[in-house]
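*Asks:* Everything below, folded, please.
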Amino acid sequence: MTDQLDLTFAALADPTRRAMLVRLANGPATVNELAAPFAMSQPAISRHIKVLEAAGLVSRSKLAQKRPVQINAGPMADAVGWLEQYRRFWGESYARLDTLLEQLQCHAAAAGDGKN
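*Replies:* Here you go, the predicted structure:
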């Protein structure tokens, strides 16, 4: 699982590849359709797609002479599950901090009442 997460996060680290995944969330696309919004060479686009394929985030099917690219959600779901652990951790940490701040505010308010 760790190797797969490494591949997924490495693939997601590039804004061009993230933009491609956003496009593919709307449905399969040809390489030319994926390349259209970017000012880069066809070989550069192909390298980006190969990185996404190696991470398992996309696949290509054969449809006549075209090879449409489609998104695969599995690796992304694994990454979200991994990140969820940390979201829970930070949520619990913030809840403890909120409790501490409330206690400090109550203590300060009580100390202030004693001075009057």
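*Asks:* ranges for the strands of this structure?
*Replies:* 58-60, 69-71 (DSSP state E).
*Asks:* Figure out which of those strands is closest to I45.
*Replies:* Proximity of these to I45 was assessed by Cβ to Cβ; the nearest stretch is strand 69-71, lying at 10.3 Å. Every residue, glycine included, has its C-beta placed from N, CA and C.
*Asks:* top helix in this structure by residue count?
*Replies:* Ranked by number of residues, the top helix in the chain under DSSP state H is helix 74-115.
*Asks:* in the protein, which ranges drop under the pLDDT threshold?
*Replies:* Under the criterion pLDDT under 70, the flagged ranges of the chain are 1, 63-65, 113-116.
*Asks:* hmm, 80 instead?
*Replies:* Within the chain, the segments meeting pLDDT under 80 span 1-2, 62-66, 112-116.
*Asks:* Mind listing what's buried along stretch 91-108?
*Replies:* By neighbour count with 16 or more other Cβ atoms under 10 Å, stretch 91-108 contains no buried residues.
*Asks:* ok so, going back, redo the strands of the chain as TSV? Include mean neighbour count and distance to F38.
*Replies:* Listed next are those as TSV, based on neighbours: other Cβ atoms under 10 Å; distance: least, Cβ to Cβ, whole Å:
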stretch	mean neighbour count	distance to F38
strand 58-60	18	16
strand 69-71	17	14
